[in-house]
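Participant: just to be clear, the model below is a prediction. Sequence and coordinates:
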Amino acid sequence: MPQLSPVLDRLCPMHLRLDAGGGIAGVGPTLRKLRPGQGLIGQPFFELFELRRPRAVGALADLLSRPAAELHLKFRDPPETAMKGVIAPLPAGGAVINLSFGISLFEAVRAYRLTGGDFAGTELAIEMLYLMEAKSAAMAVSRQLNVKLQGARIAAEEQAFTDTLTGLRNRRAMDHVLDRLVIAGRAFALMHLDLDRFKAVNDTLGHPAGDAVLRRVARIMLEETRKTDTVARIGGDEFVIILDQLVDPVRLDRMAHSLIARIQDPVPVQGQTARISTSIGTVISEGEATSAAQVLGQADQALYAAKRAGRGRHLFYRPGMAMPPPEGAAEAGG
């Protein structure tokens, strides 16, 4: 039936034409692309394809006895592309099976490099492909947007917890970390540092010089502490260091004196020299702290005692230490 082939090729590019014995007598152009270089003409249909539905059918006559049945089949040799189809008998004997990829369309198009010209003009496959590609593109854009939004959220949160001048954590971040440690009952130490004679730097050398000094102090604190420690600037020239799981007084005292020694080194600023020192008060909590305010209050007492002892000192909190003066009052020692 040669005159039928051009019509079938145009209308059903994935057709199979079978002769009366079940041999393949014609193959649509798209179906030929699935097995390039493989002669399909003359091969028995049931040897080339595995029929999954209807089952227990091994001859063309059995298949034609239920023409309304939807066929589900796949190639026996790899790649075992799954397809679906319908069968219609031919008047002169044999049959035509029109195939489609069904839900395997997207994978088949990619695997066999099919284009719009490989499908009938009325086939909805192309529209489905466009929809699937559009969905994939939209999902990719959505993922990129989500990544950007997530990055922006993280950046905003980071900015909210960062001191803009020094790059250290700020008071909000310090409060967050301290509250978490107290609630969890963890062991930690807290150092409260206050710069001595810093006001004189601002008054004599100007605020830009004071800012440079603060940035240098921040760098020293980061160098003297661990990556797991929280170093925060909580006021103009006040800093807090929270040391999770570090409660050894010897190590803490050694760290404090190293900070004092480095911070009191003269700082060249704009051709002049700035001289400051720092006093440090440390409180150790073995998990018994009841509130963040309690820990900060005890650190304040130790810091006040260090300043009263002559500044440039480090003291641990102990019960009975004098309370610091009310905020705004003159500090002991000037």
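Facilitator: Yes, it's here.
Participant: and the helices in the chain?
Facilitator: In the chain, the helices defined using DSSP state H lie at 5-11, 29-34, 45-48, 60-64, 105-112, 125-160, 171-184, 198-205, 207-224, 249-263, 292-308.
Participant: just give the closest residue to Arg171, not the sequence neighbours.
Facilitator: Spatial nearest neighbour of Arg171, chain neighbours left out: Ile234 (4.4 Å); criterion: C-beta to C-beta, 6 or more residues apart in numbering. From N, CA and C alone the C-beta is placed, and that goes for glycine too.
Participant: pretty sure that neighbour sits against Leu168.
Facilitator: No: Ile234 is not in contact with Leu168 according to C-beta atoms under 8 Å; the separation is 9.4 Å.
Participant: more neighbours, those two?
Facilitator: More crowded of Ile234 and Leu168, by other C-beta atoms under 10 Å: Leu168, with 26 against 19.
Participant: got the phi/psi numbers for that one?
Facilitator: phi -80, psi 170 (degrees, to the nearest 10).
Participant: residue contacts, it?
Facilitator: Neighbour list for Leu168: 162, 218, 221-222, 231-233, 239 [criterion: C-beta atoms under 8 Å, 6 or more residues apart in numbering].
Participant: what mean pLDDT does stretch 96-105 get?
Facilitator: Across stretch 96-105, pLDDT averages out at 81.
Participant: same thing with stretch 217-237?
Facilitator: On average, the pLDDT along stretch 217-237 is 95.
Participant: just stretch 323-330 next, same as before
Facilitator: Mean pLDDT, stretch 323-330: 63.
Participant: same check, this time on stretch 268-284
Facilitator: Computed over stretch 268-284, the mean pLDDT rounds to 90.
Participant: kindly export it (C-alpha atoms) in CSV.
Facilitator: Output in CSV follows, covering the C-alpha atoms of stretch 268-284 (Å, rounded to 0.1, in the frame of the first residue of the first chain):
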residue,chain,number,x,y,z
PRO,A,268,50.2,56.6,65.4
VAL,A,269,47.3,58.6,64.0
GLN,A,270,47.6,61.3,61.4
GLY,A,271,51.2,62.1,62.3
GLN,A,272,50.4,62.1,66.0
THR,A,273,50.4,59.5,68.8
ALA,A,274,47.3,58.3,70.6
ARG,A,275,47.7,56.7,74.0
ILE,A,276,45.0,54.7,75.7
SER,A,277,44.7,51.7,78.0
THR,A,278,41.9,49.4,79.0
SER,A,279,40.4,48.1,82.2
ILE,A,280,38.7,44.7,82.2
GLY,A,281,36.2,43.1,84.5
THR,A,282,35.5,39.3,84.1
VAL,A,283,32.7,37.2,85.5
ILE,A,284,32.6,33.4,85.2
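Participant: one step back: among the helices of the chain, which is the most enclosed?
Facilitator: Using mean count of other C-beta atoms under 10 Å, the stretch among these with the largest mean neighbour count is helix 292-308, at a mean of 20.
Participant: dump the contacts of Leu168 to JSON lines, plus distance to Leu63.
Facilitator: Compiled in JSON lines, the contacts of Leu168 are given as follows (distance: C-beta to C-beta, whole Å):
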{"residue": "Thr162", "distance to Leu63": "74"}
{"residue": "Ala218", "distance to Leu63": "82"}
{"residue": "Met221", "distance to Leu63": "83"}
{"residue": "Leu222", "distance to Leu63": "79"}
{"residue": "Val231", "distance to Leu63": "79"}
{"residue": "Ala232", "distance to Leu63": "79"}
{"residue": "Arg233", "distance to Leu63": "83"}
{"residue": "Phe239", "distance to Leu63": "85"}
